[in-house]
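In: Mind looking at a prediction? Sequence and model below.
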Amino acid sequence: MTGRHDLAHDAVRAALDATARFRGVEIVPLSSVIDDLVELREQTYRAYRTALGVDGTELPSEFVELVDAVTAFADPLARATFESHWRAADRRWIAST
């Protein structure tokens, strides 16, 4: 999704707000709660990627790269307001003008 679709922060945040309300949870930056996930799951990720065969070559070679990409997308969504949009081609948030 993050590499194929440009997204407005407010639209994605609205969906996240609805989900958080339904589940009764607080929205916090993902990076603040994943602790040592990379160290704990690196081997599992490598095994999964290898098991995918040719399809696995589409994924980042290191789990840390995947986690970094996910947190780059997800962490700004913890902000209620953030005048930006996700640019899929660059896989980053761009300030809205």
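Out: All right, it came through fine. None of the values given here were measured: they were computed from a predicted structure.

In: can we go C-alpha only for contacts and neighbour counts from here?
Out: Fine.

In: Who are the packing partners of the helix or strand hosting Ala72?
Out: Take DSSP states H and E as the rule and Ala72 turns out to sit in helix 63-74. For helix 63-74, the contact count by 3 or more Cα pairs under 8 Å, 6 or more residues apart in numbering; DSSP states H and E identifies helix 37-51, strand 92-95 as packing neighbours.

In: C-terminal to that helix, what's the next element?
Out: Sequence-wise, the next helix or strand downstream of helix 63-74 (DSSP H and E) is strand 84-87.

In: Parallel or antiparallel, list what pairs with that next one.
Out: The pairing partners recorded for strand 84-87 under DSSP bridges are strand 7-8 (antiparallel), strand 92-95 (antiparallel).

In: Show residues contacting it.
Out: With contacts defined as Cα atoms under 8 Å, 6 or more residues apart in numbering, strand 84-87 is touched by 2, 5-9, 73, 92-96.

In: Tell me how far the closest residue in space to Leu30 that isn't next to it in sequence lies from Thr19.
Out: Nearest residue to Leu30 in three dimensions, chain neighbours excluded: Asp75, at 5.6 Å (Cα to Cα, 6 or more residues apart in numbering). Counting by Cα to Cα, to the nearest Å, the separation of Asp75 from Thr19 is 16 Å.

In: where does the residue most central in space within the chain sit relative to Leu30, distance-wise?
Out: Central residue of the chain (Cα atoms, centre = their mean): Val70, 2.5 Å from the mean position. Note on Val70: its distance to Leu30, by Cα to Cα, is 9 Å.

In: Just the pLDDT for the closest residue to His9 other than its chain neighbours.
Out: Spatial nearest neighbour of His9, chain neighbours left out: His85 (5.3 Å); criterion: Cα to Cα, 6+ apart. Looking at His85, its pLDDT is 94.

In: Just grab the bridge partners of His85 for me.
Out: Beta-bridge partners of His85, counted by DSSP bridges, are Ala8, Ile94.
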